[in-house]
Structures are given as C-alpha cells and as structure tokens.
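# Below are the sequence and a predicted model for it; my questions follow.
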Amino acid sequence: MAAAESPSAALRRRDLCSRGIRLAGKMRADVVDLLDAYVEQQGLDASASAAAVEGVPLAAVERWDEQTGTQRLLENLAAYRAFRTLLAQMLEEQREQLGEADAGLGRALAAVLLQVSAFAYHLEELLRLESRGVPGEEGDEEEEDGPPPPPRLSLFEQKLRGLGVLRELAQWAVRSVRDLRQLAKPSPATGAAPGLAESP
C-alpha cells in the first residue's frame with residue numbers, strides 16, 4: 001500500500017495545479033479569441049457543425065467525479081499531445097493557403113500551439129510528481145517522429161476540421177481547470193494521516 005503523500009509533495013502538487021489552472025484559463029481565453037478570428041477569416045458560419053476530431057479524447061466524460069487523479073492527468077496529456085499535432089497541421093495548412101496574406105491568424109495559431117506544448121509539459125511534471133511514468137517518454141522516438149500523415153481533405157473540410165479542433169480545445173481548457181482544481185484538493189489518505197511522510 002502506498003505511503004501517504006509527504007507535506008512537501010502535497011505543497012508542490014498544489015503549486016503545480018495552481019499554475020496549471022492559470023495556464024489553462026489564459027489558453028481558453030486565447031482560443032476563444034482565435035476561434036472568432038478563424039471563423040471570420042475562413043468565411044465560416046459560427047454555428048456551423050463540425051465532426052468530432054479524430055485522435056482527440058472528448059472533453060465531456062461520463063462519471064467525471066469517479067476518475068482518479070492519474071486518470072485525469074493521463075487523459076489531459078493524451079488530449080494536449082493530440083492538439084499539438086493537429087495545431088501544427090493547421091498552421092502548415094494556413095501557410096499553404098494564405099502565405100503572408102493573413103499573418104495575424106498564423107501568429108495567433110502559433111501562440112496557441114506554444115501554450116498547448118507548455119501545458120503538455122506541465123502535465124508531464126504533475127505525472128512525475130505522482131510517481132507515474134510519462135507515456136511515450138522512453139523508447140518512443142519513432143512515435144515522436146509523428147503520426148501517419150492525415151488523409152487529404154478538401155479546403156472546406158480542412159476549414160471545418162480546424163473549427164472542430166479549436167472548439168474542442170476550448171472545451172478541454174475548461175475541463176483541465178476542473179481537473180486541476182480537483183487534483184489540488186488534499187487526498188483522503190493525506191487527510192487521514194497528515195503527518196506521515198514517505199519512507200526513504
């Protein structure tokens with residue numbers, strides 16, 4: 001049976017969660033702004049429906065309150081790693097379509113991509129603190145080279161996929177805040193034995 005979390009580890013976890021909540025809140029605000037600009041620039045209707053984005057776990061999940069902290073972190077990490085790949089594809093497609101015609105949208109996409117990458121790294125730090133291995137961290141160079149190339153989509157399909165990616169990313173940012181707030185709470189084991197530190 002695992003020992004109760006040490007006070008220093010609990011403090012470190014709460015600090016990482018607090019910073020993660022701020023990162024996710026800023027990311028959501030930027031994604032919402034990017035969505036507005038994307039819809040306008042791509043000539044889309046803001047109410048247009050977009051199919052679920054393949055490879056991204058849905059932010060909405062049944063029995064959310066029954067998930068463990070590790071499950072929350074692993075699902076978040078899988079989602080943001082997928083978003084990192086999808087946003088990079090969107091950025092490349094944007095450059096091919098417009099060149100420098102709309103540099104502002106490209107810069108906004110690149111900025112959100114950086115935030116997603118930083119947030120994924122932040123989640124990896126939290127997983128390490130939980131003494132869990134970070135998926136894909138070791139011996140996974142082949143996978144890190146990138147997923148198989150996406151199917152060729154028409155220009156309109158690319159626009160709709162981009163809309164779906166940004167909408168789902170905004171939903172994930174909201175869920176991440178909820179997950180990290182839940183993780184920041186003291187665990188029952190910690191509360192039951194507040195002075196018990198891990199053995200050396």
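Received, thanks.
# show me the contacts for the most centrally placed residue in the chain.
Nearest to the mean C-alpha position of the chain, counting by CA atoms, centre = their mean, stands residue 80 at 3.1 Å. The contact partners of residue 80, taken as CB atoms under 8 Å, 6 or more residues apart in numbering, are 116, 119, 120, 123, 172. All C-beta spots, glycine's among them, are computed from the backbone N, C-alpha and C.
# between these, which is closest to residue 110?
Nearest to residue 110 among the contacts of residue 80 is residue 116, at 10.7 Å by CB to CB.
# Report the distance from the lengthiest helix in the chain to the chain centre.
Identified as the longest helix of the chain according to DSSP state H is helix 7-42. When C-alpha coordinates are averaged (CA atoms, centre = their mean, to the nearest Å), helix 7-42 and its chain have centres 9 Å apart.
# Give me the neighbour count for residue 21.
18 (other CB atoms under 10 Å).
# ok, now which ones touch it?
The contact partners of residue 21, by CB under 8 Å, 6+ apart, come to 177, 180, 181, 184.
# hmm, back to that, element containing the residue nearest to the centre of the chain?
If you go by DSSP states H and E, residue 80 is part of helix 69-98.
# and the next element down the chain from that helix?
Next element after helix 69-98 (DSSP H and E): helix 103-129.
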